[in-house]
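Asker: Just need the structure, nothing else, for what follows:
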Amino acid sequence: MVEQFELIKKRTAEIVPEEELKEKLKKGRPLRVKLGIDASGPDIHLGFAVVLRKLRQFQDLGHTAILIVGDFTAKIGDPSGRSKTRPQLTDEEVKKNMERYREQIFKILREDRVEFVYNSHWLSKLTAEDVVKLSAKYTVARMLERDDFKKRFKDGNPIAIHEFLYPLFQAYDSVVVRSDVELGGTDQKFNLMVAREIQREFGQEPEVAVLMPILEGLDGKLKMSKSYGNYIGITEPPKEMFGKVMSIPDSLILRYYELCLDLPDEELERIKRKLENPEVNPRDLKFELAKRIVALYHSKEDAERAAEEFERVFRHKKLPEEMEEYVLHWKDEKIWIVKLLTLTGLASSGSEARRLIKGGAVSVDGERIMDINIEIPVRDMVLRVGKRRFLRIRKGGDAEK
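Answerer: Presented below is the predicted three-dimensional model:
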């Protein structure tokens, strides 16, 4: 029991309360470990993988993972950390997201010790009377203790009544599946504390909250999130994943080693000492980090190839050996650079194309383009946007614009 507890505690931010987890482990039965899945985003990134990898640890210790797909609660939208009401999802959006999600989640979790359930199976069946009874078990004053609600209320920003239902419904999920433990990021602490209280109200032994650290994204400031555009997806191509890891700030190297990989404390200590040594180039440690992360989600061979390609492009300033091609059909001899970027899909809109050009992120055949009005001769060329996006343009026949 002591060994299990120490292993579970490793790399966590907080366990609430630790003594209750020790008592649950003493019973010697497989624990039901709940994790709520946000159905609003179909892609798993390294930030969420921190929680999933801890859940895999529970599985390896003989416990059962209870994955609750929030298809019903996604229609409300988790207000955690939000300064305004979150848009609600349709059934079709949730279904599409989850099809993609299931393809990815078993890159980390074991399929033999998991229960995959949708909370619409029970929440959609609650009557108005059931919802009133559930709501009566918690007060508005307690809800307003939550930081985001408190701030929005103080700032005069609207809080819809249905947003108060989100933590209550999430708590009711714990009652239905009779969870012993629930995992989440530190930003989910309020929701998990509500679950403990609601379980007590229903006569159950409250779950233990195991809170994991929040992994910062590529910007080094905000938490990793697809909505912030600072994420590294676990199914991204090896070369893209490698390049993104290489772009993290040096200040996050040790944190990524700690949270993205299962390394012994002794090895982490060695890495820490190297980072403190002025004679060691942090880039070398980041290079090794990128190889390990790519190998974890792809293969060692993919990691080696991605490393070689990165060296080729960024250290030796050569073009990638492989890149996507686009056949450009255009009637005129020249094409406006903004039109070229949007036509090829390297920019989603004209405004984004202008922003990329003004930011010095666009080059044609190695020559940086800074003029948003320039027209490019239509020919075979290599178009580059940012550090890692290359596109080989092939001149095609005429086409109507």
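Asker: how's the protein carved up into domains?
Answerer: 2-212, 238-315, 324-395 (automatic domain parsing).
Asker: And stretch 123-143, how far out from the chain middle?
Answerer: Distance of stretch 123-143 from its chain centroid, counting by CA atoms, centre = their mean, to the nearest Å, is 30 Å.
Asker: buried sites along that stretch?
Answerer: Leu123, Leu134, Tyr138, Met143 (16 or more other CB atoms under 10 Å). Any C-beta I mention is one placed from the backbone N, CA and C, and that applies to glycine too.
Asker: Would you reformat those residues as a markdown table and include pLDDT?
Answerer: Shown next, in a markdown table, are the buried residues of stretch 123-143 (pLDDT from 0 to 100):
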| residue | pLDDT |
| --- | --- |
| Leu123 | 95 |
| Leu134 | 96 |
| Tyr138 | 93 |
| Met143 | 91 |
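Asker: tell me the centre residue of the chain?
Answerer: His45 (3.4 Å; CA atoms, centre = their mean).
Asker: Tell me the bridge partners for that one.
Answerer: Per DSSP bridges, the residues bridged to His45 are Gly233.
Asker: is it true that it touches Asn230?
Answerer: No. Shown here, His45 and Asn230 do not form a contact pair, counting by CB atoms under 8 Å, at 9.2 Å.
Asker: overlap in contacts of the two?
Answerer: Met224 (CB atoms under 8 Å, 6 or more residues apart in numbering).
Asker: export the lowest-mean-pLDDT helix or strand in the chain as PDB, just CAs?
Answerer: Sorting the helices and strands of the chain by mean pLDDT, DSSP states H and E puts helix 91-105 at the bottom, at a mean of 81. Extracted C-alpha coordinates of helix 91-105, given in PDB (Å, rounded to 0.1, in the frame of the first residue of the first chain):
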ATOM      1  CA  ASP A  91     -25.000  16.400 -30.400                       C
ATOM      2  CA  GLU A  92     -23.400  16.100 -33.800                       C
ATOM      3  CA  GLU A  93     -20.300  18.200 -32.700                       C
ATOM      4  CA  VAL A  94     -19.900  16.000 -29.600                       C
ATOM      5  CA  LYS A  95     -20.200  12.800 -31.600                       C
ATOM      6  CA  LYS A  96     -17.700  13.900 -34.200                       C
ATOM      7  CA  ASN A  97     -15.200  15.000 -31.600                       C
ATOM      8  CA  MET A  98     -15.400  11.700 -29.600                       C
ATOM      9  CA  GLU A  99     -14.800   9.500 -32.700                       C
ATOM     10  CA  ARG A 100     -11.500  11.300 -33.100                       C
ATOM     11  CA  TYR A 101     -10.800  11.200 -29.400                       C
ATOM     12  CA  ARG A 102     -11.200   7.400 -29.000                       C
ATOM     13  CA  GLU A 103      -8.600   6.900 -31.700                       C
ATOM     14  CA  GLN A 104      -6.100   8.800 -29.600                       C
ATOM     15  CA  ILE A 105      -6.800   8.000 -26.000                       C
END
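Asker: Return the list of helices and strands in contact with whatever helix or strand comes next after it.
Answerer: Remark: after helix 91-105, the chain's next helix or strand is strand 114-118, criterion DSSP states H and E. Judged by 3 or more CB pairs under 8 Å, 6 or more residues apart in numbering; DSSP states H and E, strand 114-118 is in contact with strand 64-69.
Asker: so what strands line up beside the strand it packs on?
Answerer: strand 32-37 (parallel), strand 114-118 (parallel).
Asker: So which bits of that strand are buried?
Answerer: Those would be Thr64, Ala65, Ile66, Leu67, Ile68, Val69, for strand 64-69 by 16+ other CB under 10 Å.
Asker: and the two most separated of these?
Answerer: Distance extremes for the buried residues of strand 64-69: the farthest pair is Thr64 and Val69 at 16.2 Å, using CB to CB.
Asker: what's the closest non-adjacent residue to Phe58?
Answerer: Val33 (4.7 Å; CB to CB, 6 or more residues apart in numbering).
Asker: Which residue is the nearest non-sequential neighbour of Leu218?
Answerer: Asn230 (4.4 Å).
Asker: and the one you found, what are its phi and psi?
Answerer: phi -120, psi 30 (degrees, to the nearest 10).
Asker: Can you name the residues that contact the nearest residue to Val294 once chain neighbours are set aside?
Answerer: Spatial nearest neighbour of Val294, excluding adjacent residues (CB to CB, 6+ apart): Ala303 at 4.0 Å. Applying CB under 8 Å, 6+ apart, we find Ala303 in contact with Pro238, Phe242, Ala290, Lys291, Arg292, Val294, Ala295.
Asker: Contact partners for the first one?
Answerer: If I follow you right, that is Pro238. Pro238 touches Val294, His298, Asp302, Ala303, Arg305, Ala306, counting by CB under 8 Å, 6+ apart.
Asker: Which elements pack onto the least confident helix or strand of the chain?
Answerer: Using 3+ CB pairs under 8 Å, 6+ apart: helix 91-105 touches strand 32-37, strand 64-69.
Asker: Just put these in TSV and tack on distance to Glu325 and mean pLDDT.
Answerer: Below are the helices and strands packed on helix 91-105 laid out as TSV (distance: least, CB to CB, whole Å; pLDDT from 0 to 100):
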stretch	distance to Glu325	mean pLDDT
strand 32-37	37	95
strand 64-69	39	95
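Asker: now the ones you listed in TSV, with distance to Lys54?
Answerer: Shown next, in TSV, are the helices and strands packed on helix 91-105 (distance: least, CB to CB, whole Å):
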stretch	distance to Lys54
strand 32-37	9
strand 64-69	10
